[in-house]
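Engineer: Need coordinates for the following:
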Amino acid sequence: MEADVQEAITLLETWPALGVVERYEQSLHLIERTYGDLFPALRLRPEHANRTSAAQDEARIRREIGEDLFREFETQNHLDYRLYQYALDRFTELWKDLGA
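Structural biologist: Residues are numbered from 1 along each chain as shown. Got it, this is the predicted structure:
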């Protein structure tokens with residue numbers, strides 16, 4: 001499983017753009033700017049259906065399932081969390097490189 005995470009990270013390193021939900025509008029802008037020369041008509045516009053904040057979701061889930069079960073979930077999904085953190089960091093790097 002560790003090898004799978006590393007493979008995914010290696011793949012993300014090769015992508016010129018990626019998106020993350022917490023930075024949805026910036027993600028659309030990054031993708032549009034990155035691929036605009038290749039697809040000149042590309043226009044990505046945000047649509048906010050089913051919108052909640054991650055902090056609100058996490059707090060609600062913690063209340064609903066309890067702290068012990070939530071910690072167990074985090075433990076069991078530590079590789080997913082690691083990959084997601086890498087994606088957030090990579091997005092920040094790409095965003096800074098864009099100069100936006």
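
Engineer: use CA for all of it now, contacts and neighbours both
Structural biologist: OK.

Engineer: Helix or strand for residue 37, just tell me which one.
Structural biologist: Using DSSP states H and E, residue 37 maps to neither a helix nor a strand.

Engineer: roughly how far apart are it and residue 50?
Structural biologist: 31 Å (CA to CA, to the nearest Å).

Engineer: can you give me the helices in this structure?
Structural biologist: Remark: helices assigned in the chain by DSSP state H are 2-14, 24-35, 54-65, 67-76, 78-98.

Engineer: who's in contact with the second one?
Structural biologist: Think helix 24-35. With CA atoms under 8 Å, 6 or more residues apart in numbering as the test, helix 24-35 has contacts from 16-21, 42-46, 94-95, 98.

Engineer: and it with helix 78-98, angle?
Structural biologist: In terms of direction (axes from the mean of the first three to the mean of the last three CA atoms, to 10 degrees), helix 24-35 departs from helix 78-98 by 60 degrees.

Engineer: tell me which residues in helix 24-35 are buried?
Structural biologist: Across helix 24-35, burial judged by 16 or more other CA atoms under 10 Å covers 25-34.

Engineer: Pull up the distance across stretch 60-77, start to finish.
Structural biologist: Stretch 60-77: ends 18 Å apart by CA to CA.

Engineer: distance between it and the chain's centre?
Structural biologist: With CA atoms, centre = their mean, to the nearest Å as the basis, stretch 60-77 stands 20 Å off its chain's centre.
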